[in-house]
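predicted model, plus sequence, below.
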Amino acid sequence: MVKQDTQERRELVGLLRGTNAHMSFEEVVDRFAEDAINAKAPHVPYSPWHLVEHMRIAQWDILRFIHDPDHVSPVFPDGYRPHPKEKATLTQWRASVRGFLTDRTDLENLARDERLDLHAPIPHAPNYTIYREILTVSNHNSYHIGELAMLRQVLRAWPSDAPYLTGR
């Protein structure tokens, strides 16, 4: 059993969840109106669903990379996001949100697993560690959560009672 700082593990989970310094994924997708999931702001080539699906794919890719030595990542950049003209149904939106949350939970469980040395090289990728991959996912997600929150603001897609509204 690997003993690592429990606080370090808690911090990694906090980074994944976005509970330390920024809005969480759950907060930014809460009560998202169906008519806004495919909306686009002026001069922005993607919709809220495009962002959520991009986050899901990127996070899934890193999770698979950690677990599977035979995993082949999608072709960059096109394999990491839907085509700009593609639109989602409400069912697809919900599947993207659910898939993101499921994979994030799997990453949280890796961070909590005291049998794992988070700083040890990944056996099939010795230049990488689980710690590094969790930080990469956390940084990527926080960037796009902020982007999604701002896009939602520009689209006026927050519920009228949302605590995140500013300037209204």
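Ah, there it is. Residues are numbered from 1 along each chain as shown.

check contacts around the nearest residue to Tyr128 once chain neighbours are set aside.
Nearest residue to Tyr128, sequence neighbours excluded (CB to CB, 6 or more residues apart in numbering): Ile122, at 5.0 Å. From N, CA and C alone the C-beta is placed, and that goes for glycine too. Applying CB atoms under 8 Å, 6 or more residues apart in numbering to Ile122 gives the contacts Phe65, Ile66, Tyr128, Thr129, Ile130, Glu133.

tell me what Ile122 is bridged to.
Ala125 (DSSP bridges).

for it, give its distance to Leu151.
34 Å (CB to CB, to the nearest Å).

with Gln59 instead?
Taking CB to CB, one finds Gln59 at 19 Å from Leu151.

now do the strands in this protein.
In the chain, the strands defined using DSSP state E lie at 121-122, 125-129.

just these: most buried one?
Highest mean neighbour count of the strands of the chain: strand 121-122, a mean of 14 (counted as mean count of other CB atoms under 10 Å).

how far off centre is it?
Mean-position distance between strand 121-122 and its chain equals 22 Å (CA atoms, centre = their mean, to the nearest Å).

next, please give the residue ranges for the helices of the protein.
Secondary structure of the chain (DSSP state H): helices located at 6-17, 25-29, 48-67, 90-112, 130-154.

what's near enough to touch the nearest residue in space to Ala157 that is not next to it in sequence?
In space, and not counting its chain neighbours, Ala157 is closest to Ala36: 3.8 Å by CB to CB, 6+ apart. Contacts for Ala36 were tallied using CB under 8 Å, 6+ apart; they are Pro48, Arg152, Leu155, Ala157.
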